[in-house]
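[1] Please work out how this folds:
(chains A and B, ligands or ions: 3)
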Amino acid sequence: MHELGIMIEVVKQVEEAARENQAEKVEKIVLQIGEIASVIPHYVEAVFPAAVYNTMLEDTILEIEIIPANGRCLKCGKVFSLVTQNGICTCGSEDFEELTGREFILKEIQIS
Amino acid sequence: MSAIRVIEIKKGIYEQNDKKAEEIRKELKSKGLFLLNLMSSPGSGKTTTLVSTINQLKGEMEIGIIEADIDSDVDARTIDKTGVKVIQLHTGGMCHLDAEMTRQGIEALDVEGLDFMVLENIGNLVCPAGFDTGATKNAMIISIPEGHDKPLKYPAMFKVVDVVLVNKIDAMEYFDFDLDLFTAYVHKINPEIQIIPISAKNAQGMEPWFDWIREQVAQQKA
Ligand SMILES: Nc1nc2c(ncn2[C@@H]2O[C@H](COP(=O)(O)OP(=O)(O)O)[C@@H](O)[C@H]2O)c(=O)[nH]1
Ligand SMILES: [Mg+2]
Ligand SMILES: [Zn+2]
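    Ligands and ions are numbered 1, 2, ... in the order given. Sure, this is the predicted structure:
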């Protein structure tokens, strides 16, 4: 599990953005995580309290939006869910181009 | 109480790392220093491969090693015996290296005059694949006991590597590793990958690997 080290980096980036915008407090941060990203939302939530310990994010609410993993079939061109269909298009082909799902984005911060 | 403001950031969290990695790659190119990121599961033979490689090449180029496999200095001491420069990174239980750690390694090692440097990454086939270390090229080792279906289980790793060493071929007869099938799986993910079967322990089959390194070192200075 590598979420802690990664979330410590996220906290640093948020603190920097908060300072740039003269924030007194960070009320909430919103992350977007792809379904097949290298971080797992459940673990991100679990390590968040440790990552914000002794930082200006100690009382910040964490919100996570999940981005579905979609692929385009290289045979028939249809866009399908890589996760629910296990990487296999309804036409039977397993060759696809990945479109979404590996995102890990700091979407917004809410400050006061 | 002051009003809450929403600040849109919309920035990939890895962008910072990718930027740093790109800077490192440029700097290495300007120094003519080839940095290889070496990855594998624990025990596939990274350290053994490094020792055999160093022993063969240290007479023709200046080599340095950044050790990060685990926090202990066992691997670093093994490398130290070969007489090349080595530094142990303290990764604090992390499961992958990132560009910042590479930067620390480069600074600690004093790379002036080096031609070839290797980052022995942390033993793990999942996390290191997702993080650009700033290395010039990426290689991974898979060993015969691990089985030929690894590319099916860890496709992300095979997307980022340039060379795959298939190690411990001296133990081929005891396992059902199918090299042709393995090659087919790998090339389905990435047809560019060069696959080199070796026995690191006996320094066998390693000539194509040495040649690949020589070529990369020369290219980096071109
Ligand atoms: N039979 C055999 N054993 C090997 C070979 N290369 C490495 N080993 C053994 O595999 C174990 C792990 O090797 P090591 O280099 O420490 O792996 P690392 O964890 O990836 O650095 C050691 O006991 C080595 O002696 C090989 O080519 N053949
Ligand atoms: Mg090792
Ligand atoms: Zn299809």
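[2] quick one: the closest residue to B:G147 other than its chain neighbours from B:I144, how far?
    Counting by C-beta to C-beta, 6 or more residues apart in numbering or on different chains, B:G147 lies nearest to B:F177, which is 6.5 Å off, once chain neighbours are set aside. Where you see a C-beta, it was placed from the backbone N, CA and C, and this is true even at glycine. According to C-beta to C-beta, to the nearest Å, B:F177 and B:I144 sit 5 Å apart.
[3] got any residues that touch both of these two?
    Common neighbours of B:F177 and B:I144 (criterion: C-beta atoms under 8 Å, 6 or more residues apart in numbering or on different chains): B:V166.
[4] Which residues are in contact with the residue in chain B that chain A sits nearest to?
    Nearest to chain A in chain B, going by C-beta to the nearest C-beta, is B:G130, at a distance of 3.8 Å. Neighbouring residues of B:G130 by C-beta under 8 Å, 6+ apart: A:38, B:14, B:96, B:156.
[5] Let me know the helix or strand that B:V6 is in.
    Using DSSP states H and E, B:V6 maps to strand B:5-12.
[6] Before we move on, what's the pLDDT of the residue nearest to B:G147?
    Looking at B:F177, its pLDDT is 97.
[7] Same question for the one 10 residues further on.
    Predicted confidence (pLDDT) for B:H187: 96.
[8] Mind jotting down where the helices sit in the chain?
    Looking at chain A here, since you left the chain open. Secondary structure of chain A (DSSP state H): helices at A:3-20, A:41-52.
[9] wrong one, I was asking about chain B
    Under the criterion DSSP H, chain B contains helices at B:15-31, B:46-57, B:74-80, B:99-109, B:150-153, B:155-160, B:179-189, B:207-221.
[10] among the ones you listed, which is the most enclosed?
    Sort the helices of chain B by mean neighbour count, taking mean count of other C-beta atoms under 10 Å in any protein chain shown, and helix B:46-57 sits at the top with a mean of 21.
[11] quick one: that one to helix B:207-221, angle?
    70 degrees (axes from the mean of the first three to the mean of the last three C-alpha atoms, to 10 degrees).
[12] And ligand 2, is helix B:46-57 touching that?
    Yes: applying C-beta under 5 Å from the ion, one finds helix B:46-57 in contact with ligand 2 at B:46-47.
[13] Other residues contacting that helix?
    B:38-40, B:63, B:65, B:69, B:75, B:78-79, B:82, B:84, B:116, B:118, B:120-121, B:123, B:141, B:165, B:167, B:198, B:200-201, B:203, B:206, B:209-210, B:213-214.
[14] Run through the chain and note the low-pLDDT ranges.
    Just going to use chain A. A:1 (pLDDT under 70).
[15] The chain in question should be chain B.
    Those would be B:1-2, B:71, if you go by pLDDT under 70 across chain B.
[16] Near ligand 1, which residues of it are found?
    B:40, B:42-48, B:69, B:123, B:167-168, B:170-171, B:199-201 (C-beta under 6 Å from any ligand atom).
[17] which residues touch the residue nearest to the spatial centre of chain A?
    The centre of chain A sits closest to A:I33, judged by C-alpha atoms, centre = their mean, with a distance of 2.1 Å. A:I33 makes contact with A:39, A:41, A:44, A:64-67, A:103-105 under the criterion C-beta under 8 Å, 6+ apart.
[18] what's near enough to touch the closest residue to ligand 1 within chain A?
    Closest residue of chain A to ligand 1, C-beta to the nearest ligand atom: A:H2 (18.7 Å). Counting by C-beta under 8 Å, 6+ apart, A:H2 touches A:38-39, B:94-96, B:127.
[19] Nearest spatial neighbour of it, chain-adjacent residues omitted?
    B:C95 (4.5 Å).
[20] Isn't the one you found up against B:C127?
    Yes: using C-beta atoms under 8 Å, B:C95 is in contact with B:C127, at 4.3 Å.
[21] out of those two, which sits in the busier spot?
    Remark: of B:C95 and B:C127, B:C127 carries more neighbours, 23 against 17, as counted by other C-beta atoms under 10 Å in any protein chain shown.
[22] No further queries at this time; thank you.
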